[in-house]
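Asker: Any chance you could fold what I've pasted below:
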Amino acid sequence: MVVGLGNPGREYEKTRHNIGFMVLMELARQASVDWKRSRQGEALAAEISEEGMGVLLILPLTYMNNSGRAVRDIALFNRFDPGNVLAVVDDIRIDFGQMRLKNGGSDGGHNGLKSIALELGSQDYARLRLGVGAPPPGMDQADYVLSEFRTGEKKDLSRFIADAADCSRLWMKGDLPRAMTQYNQTKGNKNHEQV
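Answerer: Numbers count the residues shown, from 1 in each chain. This next block holds a predicted model:
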């Protein structure tokens, strides 16, 4: 199961906090599948196939801070253990355009990841953190993540989302080492490791 974290509603769809939603929408678009309301949890769901294996894409409709509720309900119904869950999420501690894929770890202060860990009762799920950069000095963190990307960032956003979708697909195939080697290291990367 791959979960994109974000907030439902048109006012949020282009904000930094919704980059997880954007990546999953790209995965669904590439597979030409439609989103449907999940019967198991408060979320939109789409099913894709990756090398003959079914993968459930989930967009929680519970708002970011309660993302874990939808993840828990759908994971329990489908008998997914935490190791079969990938959360795709924004991270202000990583420069824009960079990403970090990791199995397990802490929530790093991210409320969406905190909610998933709480509801699953485990930190042992994978997370793909997508760098959205830090807020400028004096700007409130919440206001920053709920704002749209800057003009210069928007030029590179499509490529960033496509790369994150490719990285997610490698995880789906069970090729975590290749995904981490290929996407955790980028040119000019300061390699701020997330723990």
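Asker: To which secondary structure element type does Leu128 belong?
Answerer: At Leu128 the chain is in strand, as set by DSSP: H, G, I helix; E, B strand; the rest coil.
Asker: quick one: contacts for it?
Answerer: 23, 86-89, 99-101, 164, 167-168, 171 (C-beta atoms under 8 Å, 6 or more residues apart in numbering). (C-beta placed from N, C-alpha, C; glycine too.)
Asker: That one pairs with what?
Answerer: Beta-bridge partners for Leu128, by DSSP bridges, are Val88, Leu101.
Asker: roughly how far apart are it and Leu101?
Answerer: 5 Å (C-beta to C-beta, to the nearest Å).
Asker: Same check on Leu118?
Answerer: From Leu118 over to Leu101 (counting by C-beta to C-beta), the distance is 22 Å.
Asker: Looking at these two, which is more packed in?
Answerer: Leu101 (24 against 15; other C-beta atoms under 10 Å).
Asker: surely the more buried one meets Ala126?
Answerer: Yes: with contact defined as C-beta atoms under 8 Å, Leu101 and Ala126 form a contacting pair (6.9 Å).
Asker: okay, and the common contacts of these two?
Answerer: With C-beta under 8 Å, 6+ apart as the test, Leu101 and Ala126 both reach 171, 176.
Asker: Contact partners for Asn7?
Answerer: Neighbours of Asn7 in contact, by C-beta under 8 Å, 6+ apart: 15, 17-18, 63-64, 146.
Asker: Quick one, which of the contacts of Leu128 are buried?
Answerer: Using 16 or more other C-beta atoms under 10 Å as the burial test, these include 23, 86-89, 99-101, 164, 167-168, 171 as buried.
Asker: pLDDT (mean, whole number) over stretch 106-118?
Answerer: The average pLDDT for stretch 106-118 rounds to 94.
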